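Engineer: Sequence and predicted structure, then a few things I'm wondering about:
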Protein chains: 2
Amino acid sequence: MASVDVPVALLGYGTVGAAVNRLLVEGADEIERATGHKLRVTRALVRDTGKERDYPVADGVLTTDFRSVLEDDSIALVAEVMGGVEPTGGYVLDLLRSGKPVVSANKQLLARRSADLFEAASEGGVQLRFEASVCAAIPVIKVLRESLVVTNVHRVLGIVNGTTNFILTRMEEGADYEEALAEAQRLGYAEADPTDDVSGADAAAKMAVLATVAFGSRVELADVAYEGIEGIKPHHVAAARELETVVRLVGSATLVDGAVDVRVGPAFVDGHHPLAAVVGAFNAVMLQGDAIREITLEGPGAGGIETASAVVADMVSVLGTTGTGFLQNDACWRSLSKLPPGDLPGAFYVHLEVADRPGVLAHVADCFAEQDVSIAQLAQHLVNGTAALDLVTHEAPGGRVEAALSSAAALAEVRSRPEALRMITERGF
Amino acid sequence: MASVDVPVALLGYGTVGAAVNRLLVEGADEIERATGHKLRVTRALVRDTGKERDYPVADGVLTTDFRSVLEDDSIALVAEVMGGVEPTGGYVLDLLRSGKPVVSANKQLLARRSADLFEAASEGGVQLRFEASVCAAIPVIKVLRESLVVTNVHRVLGIVNGTTNFILTRMEEGADYEEALAEAQRLGYAEADPTDDVSGADAAAKMAVLATVAFGSRVELADVAYEGIEGIKPHHVAAARELETVVRLVGSATLVDGAVDVRVGPAFVDGHHPLAAVVGAFNAVMLQGDAIREITLEGPGAGGIETASAVVADMVSVLGTTGTGFLQNDACWRSLSKLPPGDLPGAFYVHLEVADRPGVLAHVADCFAEQDVSIAQLAQHLVNGTAALDLVTHEAPGGRVEAALSSAAALAEVRSRPEALRMITERGF
């Protein structure tokens, strides 16, 4: 088959855009070999054409006019690497509706407007691919959409934020939260304002995208309950170790009787669980489904060249499937209800500080029994006249554990707000 | 796009074949949604049409005549799930040459005849996909061929045999080799004759396929040097633990200055390495490349339904790319030379039993110094008048370490054949 020349455009030409162009140029032979197509960037939308660029393009390629991309019929494919929700979202919708396939690296856009985007792609009869929007080069979207078509994925568990994973693994090695955060900032893993990462918001956006793809039902950022790692103290890390677990910021997307639960929060992950082995700034996503038991994908979840590599892979995949009808359905093809937040079952680690008096343990245990939450393990520690109770529940709906904690908090002998963290032990078999 | 009816054939209708048919029937809606195509098994080649089947097919589907598959123009796609090298290889070649795309789950066939098969596919202008031939449902072939097109993968490290991984992790928990093997047989992880697994031969076949795909150059089973786990004793497991490593049967495929090395053998894997976290009968493959640092895929590497799921994913992918020119190049597009076996560098763990006499250590150290192999760590243990030396080398070509061991073996004070195992510490960054 003779090679076909394929003019493509980029929206944005910053670090990722320049890296995409470089990979397209340096990888041209490989791409031609795999696809029978030669990809060539003929237009790149930027705000300022005069700015100096990392990997400069030929004269006439840079433009500040979106219409010169939209209305150029020669452009077969557009990669959106400019970021932001507006005006980016409008651009992408226009492109899809006009019949141009789009590859996007934009987590925030996908997490906020995926349903509109999928609908536009379906209307335009073209593909929208977005591997780079979640976990950079880890090919989790492709695997979900193409390899696991018939496996009914019912659970996605992920460590999808490298900054927090770096901080938590440094805390395991003895640092406190502030030291670990400062180190992450020094190494460039955390921003000067780390809120988006440490609050769990970044992970929540990624879990919204993953849940949408895994379940085929619209999940947006606003649907994801999230909690960050700002409250994690050395005593949590120590308690986790005693239980042969590690503290991780875990995103989970779960189908329970046809209803969807998506959340992000710190959790105690069993030491033998594949997610417990993810250290430093790495990411990993575990997919659990009927025919596969579980598949875990691990790798660097960020980085300019890693992200660019995923963008190029998507461009190659668009070329490789165009005209076949593949992945041109609306990816949000069903509308599943949301699970009430208290209904998601799980085992919990619970920590309470109590007066060292006979009967306390019985009173606390009563609070759990009243909520029908059974206790799997319990240990009492004495520190300076205050006793601390560490307990692990059997699996129970989170709402009932919360209710038990509220009653326990009201006991005269309980001296601090009880804390609970989910335990992640579930495997796909 | 209106759905297209796609008649397909199976070669073989045993456990995997029946599971493929079941997944095609039960997943018909998902497949139609993703691809716009309805897949339907219209022919299945078997040896005995009268035999009772797990998931029976309609009358007239079973056939003993290969020509009724080959010559039926309505059949758009064939999945080979019959196993064996002959007559299977001839069937697959005939199908590809006649322009029928083939999906194969056949590790032995791919490991022995991949170059001929790829050539036939290229001639016939059709795809050959073979995800299920390596590590069942773990989508490593798809990721290598489609996601990592521009990343110059230069190293593949894998735990690709579940039986041996189960045995080694049971030995870590205190079992000896015979106990662990017997348990693996009881649980159905190992055959009554476990040779193919424990000798490393099964892993070698998988590494041949992975190396071929990763490097685009023909690597056949005969090119893979392999060693099994039959010689692993509790003292190796203990020595590994002391070095904060674990014993694993590791397959590696490495590009060194444009030459290929593929091998399988027991190794000490650093405790922080993602492959060290792979326990029980699971498999994992780490891919290292320029733009991605490293990506690790982990999951069940065997099982009928897992294998069938990978076959169906390949069928879906063939439909999704037909007519686009995608992956229709010869997958063995270059011919790389083989690295001389002694040239592959690495760090090694070495164990020697020696007489407890002054000067022994110096004599042993001399043997290594003469080969320009530097020693990173050394520990001497005394057991019943015999001293054991455990040492770890810095990185050096394996051939020079072998030569050092030969000289050491010839020393009067050395009382046993020196043993060496590779250390796996390399990460993709």
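Structural biologist: Structure's in. What do you need?
Engineer: List the buried residues of stretch A:131-148.
Structural biologist: If you call a residue buried by 16 or more other Cβ atoms under 10 Å in any protein chain shown, then stretch A:131-148 has these buried ones: A:131-148. C-betas here are computed from N, CA, C, even on glycine.
Engineer: so what's the residue lying farthest from the centre of chain A scoring on pLDDT?
Structural biologist: Relative to the centre of chain A, and counting by Cα atoms, centre = their mean, the farthest-placed residue is A:P358 at 46.0 Å. At A:P358, the pLDDT value in this model is 86.
Engineer: Can you verify it is assigned to a helix?
Structural biologist: No: going by DSSP: H, G, I helix; E, B strand; the rest coil, the assignment for A:P358 is coil, not a helix.
Engineer: State the distance from it to chain B.
Structural biologist: 41 Å (Cβ to the nearest Cβ, to the nearest Å).
Engineer: ditto for A:K100
Structural biologist: 17 Å.
Engineer: Which elements pack onto the strand or helix carrying A:V311?
Structural biologist: Assigned by DSSP states H and E, A:V311 belongs to helix A:304-321. Applying 3 or more Cβ pairs under 8 Å, 6 or more residues apart in numbering or on different chains; DSSP states H and E, one finds that helix A:304-321 contacts helix A:15-26, helix A:28-35, strand A:37-45, strand A:77-80, strand A:102-104, strand A:128-129, helix B:304-321.
Engineer: Now with 6 Å, please.
Structural biologist: helix A:15-26, helix A:28-35, strand A:102-104, helix B:304-321 (3 or more Cβ pairs under 6 Å, 6 or more residues apart in numbering or on different chains; DSSP states H and E).
Engineer: residues in contact with that helix?
Structural biologist: Contacts made with helix A:304-321 from outside it, assessed by Cβ atoms under 6 Å, 6 or more residues apart in numbering or on different chains, are listed as A:15-16, A:19-20, A:23, A:31, A:35, A:37, A:77, A:79, A:101, A:103, A:105, A:127, A:129, A:131-132, A:136-137, A:300, B:146-147, B:149-151, B:291-292, B:320-321, B:324, B:326.
Engineer: related to what we said a few turns ago, who wins for proximity to A:V156 among the helices and strands packed on helix A:304-321?
Structural biologist: helix B:304-321 (16.9 Å; Cβ to Cβ).
Engineer: what is the orientation angle of the closest one with helix B:28-35?
Structural biologist: If you take axes from the mean of the first three to the mean of the last three Cα atoms, to 10 degrees, helix B:304-321 sits at 40 degrees to helix B:28-35.
Engineer: so A:A190 touches A:A184, yeah?
Structural biologist: Yes: with contact defined as Cβ atoms under 6 Å, A:A190 and A:A184 form a contacting pair (3.9 Å).
Engineer: show me the contacts for A:L39.
Structural biologist: By Cβ under 6 Å, 6+ apart, the contact list for A:L39 reads A:6, A:8, A:24, A:31.
Engineer: try A:L157
Structural biologist: Neighbouring residues of A:L157 by Cβ under 6 Å, 6+ apart: A:252, A:286.
Engineer: how about it, phi and psi?
Structural biologist: A:L157 adopts backbone torsions of phi -120, psi 130, taken as degrees, to the nearest 10.
Engineer: Distance check, it against A:S337.
Structural biologist: 21 Å (Cβ to Cβ, to the nearest Å).
Engineer: which of the contacts of A:L39 tops the neighbour count?
Structural biologist: A:V8 (26 neighbours; other Cβ atoms under 10 Å in any protein chain shown).
Engineer: That one touches A:L77, doesn't it?
Structural biologist: Yes: using Cβ under 6 Å, A:V8 is in contact with A:L77, at 4.6 Å.
Engineer: how far does stretch A:405-419 sit from the chain's center?
Structural biologist: The chain centre lies 34 Å from the centre of stretch A:405-419; the measure is Cα atoms, centre = their mean, to the nearest Å.
Engineer: Can you pull out the residues in contact with that stretch?
Structural biologist: Contacts for stretch A:405-419 (Cβ under 6 Å, 6+ apart): A:351-355, A:357, A:360, A:363-364, A:367, A:420.
Engineer: list the buried ones in it?
Structural biologist: Applying a neighbour-count criterion of 16+ other Cβ under 10 Å, the buried positions in stretch A:405-419 are A:405, A:407-408, A:411, A:413-414, A:418-419.
Engineer: Turn these into JSON lines, including distance to A:L110.
Structural biologist: Below are the buried residues of stretch A:405-419 laid out as JSON lines (distance: Cβ to Cβ, whole Å):
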{"residue": "A:L405", "distance to A:L110": "35"}
{"residue": "A:S407", "distance to A:L110": "41"}
{"residue": "A:A408", "distance to A:L110": "41"}
{"residue": "A:L411", "distance to A:L110": "46"}
{"residue": "A:E413", "distance to A:L110": "49"}
{"residue": "A:V414", "distance to A:L110": "43"}
{"residue": "A:P418", "distance to A:L110": "37"}
{"residue": "A:E419", "distance to A:L110": "33"}
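Engineer: Need phi/psi at the residue lying closest to A:P87 once chain neighbours are set aside.
Structural biologist: Among residues not flanking A:P87 along the chain, A:F66 sits closest, at 7.8 Å (Cβ to Cβ, 6 or more residues apart in numbering or on different chains). The phi and psi values for A:F66, taken as degrees, to the nearest 10, are phi -60, psi -30.
Engineer: and A:F66, how far is that from A:G125?
Structural biologist: Counting by Cβ to Cβ, the separation of A:F66 from A:G125 is 21 Å.
Engineer: who has more neighbours, the two?
Structural biologist: A:F66 (16 against 13).
Engineer: Report the separation between the more buried one and chain B.
Structural biologist: As judged by Cβ to the nearest Cβ, A:F66 and chain B stand 27 Å apart.
Engineer: Could you check how far that residue is from A:R53?
Structural biologist: From A:F66 to A:R53 the distance is 19 Å (Cβ to Cβ).
Engineer: How about A:L421?
Structural biologist: Shown here: A:L421 relative to A:R53, a distance of 46 Å by Cβ to Cβ.
Engineer: so where is the stretch 1-150 of chain A shaky, pLDDT-wise?
Structural biologist: Flagging of the stretch 1-150 of chain A using pLDDT under 70 yields the residue ranges A:1-2.
Engineer: Within range of chain B, give me the residues from it.
Structural biologist: A:1, A:23, A:27, A:30, A:33-36, A:137, A:139, A:142-143, A:146-147, A:149-150 (Cβ under 6 Å from any Cβ of the partner chain).
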